[in-house]
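Asks: sequence unknown, structure follows:
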Ligand SMILES: Nc1ncnc2c1ncn2[C@@H]1O[C@H](COP(=O)(O)OP(=O)(O)OP(=O)(O)O)[C@@H](O)[C@H]1O
């Protein structure tokens, strides 16, 4: 171009350099895309250099290069200055907006102070991510003039649960102690339950909307595998099942009439009867044994007279001795049915007061039922033999003069109890348990080594038809103790022969010892009575005695076929 066009080429190059330079200038100052600005600077440099070569030539080319580089650096400087300025402008804009917002908020606040002063919070920003969080923050501020630094709320099935970070001026214990003020400030109907949070500065607040125990808790059938499994009896205010570890502990169930004590006893009996390594015995001394006789199919036996109750306690004592020997052989401390070969035993006593009244009557000290029960309660737990005592009258009179049931029964459950003295007997004086505050049938308070604080729960409602269905199901699965290992209760009868016959009617096959125990006779008397009853009574191949079945003759004929 230089050689052919000379001055014209120089003019074109100069115009092109000026044009691209101007484009670069405009695009930098208007904030156009950076690549356009920088390429026009580069193009301006190239054209300037070409013009310098054409117009001047020689060493001035180097000079032109320097000019181009200088122009590029200057352009970059201008660009950086402009963008920095943009940032400052944005910041200024934001500040202006903040000020405007603050002015608006202040104006709104002043308007609210003039028009509705009682709802204006005079404090920090109490807004939260949820309605509950805002209400909590507001209530803590209103009641305690403290601002919560953190407050995490999540919904639960029955309300919500919040983890509060305690304010610097308020530790967890103080916040807990002053919570009633906060609860009052929240103006809600439900109940609050406070727990310690995972950090020492955290408090967990459980809020339950309304009362979830208002409606009855439906019965749920359940199969425990072993007697060591906890027994699920009720549901707490948070909808959680309450399970009680009944193994190796005696249980006291107390409560005034018509508040669901029998339903609870039935529920526990059914739960225990469903375990293959567990057997149940009953004591119900009310005339006709109304509570426990419907359970006969799942009981090994039921004592309903003072004599029977004494026989049961004596038999348990004997069983205890045998179990003690077995444990000693194994070198073990605690009875495990699967290992030691005999099932766990639960003796269910319905109306313990009645047992003591009738069982003590006319007997000398040391032979009273209350003495036997006391030794039972003191000794049997480790041998897998337990007592469940239900009573309307938990008092020192009924429980051997003791002023506190806690020594004998590790598990204590109460439905509503009207008598304050009874409540104290069951739970102790200063425990905070107040069964008088329970209002609905099936509501209970539980005290066990695992449940050490008072909390309400409601027992699953086992209705009559469910109870009968479960009894029928469990009756098929319930194994009765074999001949020779059974509890034999005294039978009625005027003469020795009548007593032996009654024992054979009640128990079927009997060993001689069992006949002695049932009839209260010695060996000679039993053998004499059997002689007298022959041929109605016969000896079996196993050496036991039984009444000759009416249809034995036909049965024999059939067996030959
Ligand atoms: N878990 C429960 N949930 C709801 N209602 C229940 C529950 N348990 C019992 N009830 C109601 O309470 C009534 C009385 O129950 P239950 O017979 O078990 O009481 P109780 O205290 O044993 O009375 P009593 O000692 O007079 O026999 C039942 O008929 C039933 O209507």
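Replies: Yep, it's here. Note that the coordinates shown come from a computational prediction; the quantities given were computed from them, not determined experimentally.

Asks: count of neighbours near the closest residue to the ligand within the stretch 101-250 of the chain?
Replies: Nearest residue of the stretch 101-250 of the chain to the ligand (Cβ to the nearest ligand atom) works out as residue 216 at 3.9 Å. (C-beta placed from N, C-alpha, C; glycine too.) Residues lying near residue 216 (other Cβ atoms under 10 Å) number 15.

Asks: ok, and the closest non-adjacent residue to it?
Replies: In space, and not counting its chain neighbours, residue 216 is closest to residue 461: 4.4 Å by Cβ to Cβ, 6 or more residues apart in numbering.

Asks: just checking, the one you found touches residue 217?
Replies: Yes: under the criterion of Cβ atoms under 8 Å, residue 461 makes contact with residue 217 at 6.1 Å.

Asks: who has more neighbours out of those two?
Replies: Higher neighbour count among residue 461 and residue 217: residue 217, with 19 against 16, using other Cβ under 10 Å.

Asks: whichever strand or helix holds residue 358 - contacts with which helices or strands?
Replies: If you go by DSSP states H and E, residue 358 is part of helix 352-360. Here helix 352-360 touches helix 306-330, helix 369-379, strand 385-391, going by 3 or more Cβ pairs under 8 Å, 6 or more residues apart in numbering; DSSP states H and E.

Asks: okay, buried residues for the first one please.
Replies: The reference is to helix 306-330. Within helix 306-330, the residues that count as buried by 16 or more other Cβ atoms under 10 Å are 306-313, 315-316, 319-320, 323, 327.

Asks: what comes into contact with that helix?
Replies: Under the contact criterion Cβ atoms under 8 Å, 6 or more residues apart in numbering, helix 306-330 has outside partners 281, 283, 285, 301, 303, 333-335, 339-342, 345, 347, 355, 358-359, 361, 369, 372-373, 375-376, 379-380, 382-385, 487-490, 517.

Asks: check this protein for the residue nearest the ligand and tell me.
Replies: Residue nearest to the ligand within the chain: residue 442 (2.4 Å; Cβ to the nearest ligand atom).

Asks: need the overlap of contacts for residue 461 and residue 217.
Replies: Common contacts of residue 461 and residue 217 (Cβ under 8 Å, 6+ apart): residue 442.

Asks: tell me the pLDDT at the residue nearest the centre of the chain?
Replies: Geometric centre of the chain, nearest residue: residue 240, 4.4 Å, by Cα atoms, centre = their mean. Looking at residue 240, its pLDDT reads 83.

Asks: do the same with residue 291
Replies: Reported pLDDT for residue 291: 89.

Asks: tell me the secondary structure at it.
Replies: Of the three states, residue 291 takes coil under DSSP: H, G, I helix; E, B strand; the rest coil.

Asks: look up phi and psi at it.
Replies: Per-residue torsions, residue 291: phi -80, psi -40 (degrees, to the nearest 10).

Asks: mean confidence score for stretch 410-422?
Replies: Here the average pLDDT along stretch 410-422 is 90.

Asks: check the offset of stretch 519-539 from the chain's centre.
Replies: 58 Å (Cα atoms, centre = their mean, to the nearest Å).

Asks: then stretch 370-387?
Replies: Centroid displacement of stretch 370-387 relative to its chain, using Cα atoms, centre = their mean, is 30 Å.

Asks: what of stretch 81-93?
Replies: Centre to centre, stretch against its chain (Cα atoms, centre = their mean), the figure for stretch 81-93 is 59 Å.

Asks: write out the residues of the protein neighbouring the ligand.
Replies: 216, 255, 257-263, 415, 441-442, 459, 461 (Cβ under 6 Å from any ligand atom).

Asks: just those: which are in strands?
Replies: 459, 461 (DSSP state E).

Asks: show me which of the residues of the chain next to the ligand are buried.
Replies: With burial judged by 16+ other Cβ under 10 Å, the buried subset of the residues of the chain next to the ligand is 255, 259, 260, 261, 262, 263, 415, 441, 442, 459, 461.

Asks: lowest confidence element among the helices and strands of the protein?
Replies: helix 552-560 (a mean of 60; mean pLDDT, DSSP states H and E).

Asks: okay, now residue 132: neighbour count?
Replies: Around residue 132 there are 21 other residues, counting by other Cβ under 10 Å.

Asks: please, where are all the helices along the stretch 151-300 of the chain?
Replies: Under the criterion DSSP state H, counting those that start in this stretch, helices of the stretch 151-300 of the chain are mapped to 172-177, 179-186, 261-273.

Asks: of those, flag the one that's most buried.
Replies: Stretch with highest mean neighbour count among these: helix 261-273 (a mean of 23; mean count of other Cβ atoms under 10 Å).

Asks: so for residue 331, what's the pLDDT?
Replies: Predicted confidence (pLDDT) for residue 331: 92.

Asks: what angle separates the helix or strand in which residue 424 is found from strand 385-391?
Replies: Residue 424 is part of helix 420-427, with elements assigned from DSSP H and E. Counting by axes from the mean of the first three to the mean of the last three Cα atoms, to 10 degrees, helix 420-427 points 170 degrees away from the direction of strand 385-391.

Asks: quick check: buried residues in helix 420-427?
Replies: 422, 423, 424, 425, 426, 427.

Asks: neighbours around residue 391, how many?
Replies: When neighbours are defined as other Cβ under 10 Å, residue 391 has 24 of them.
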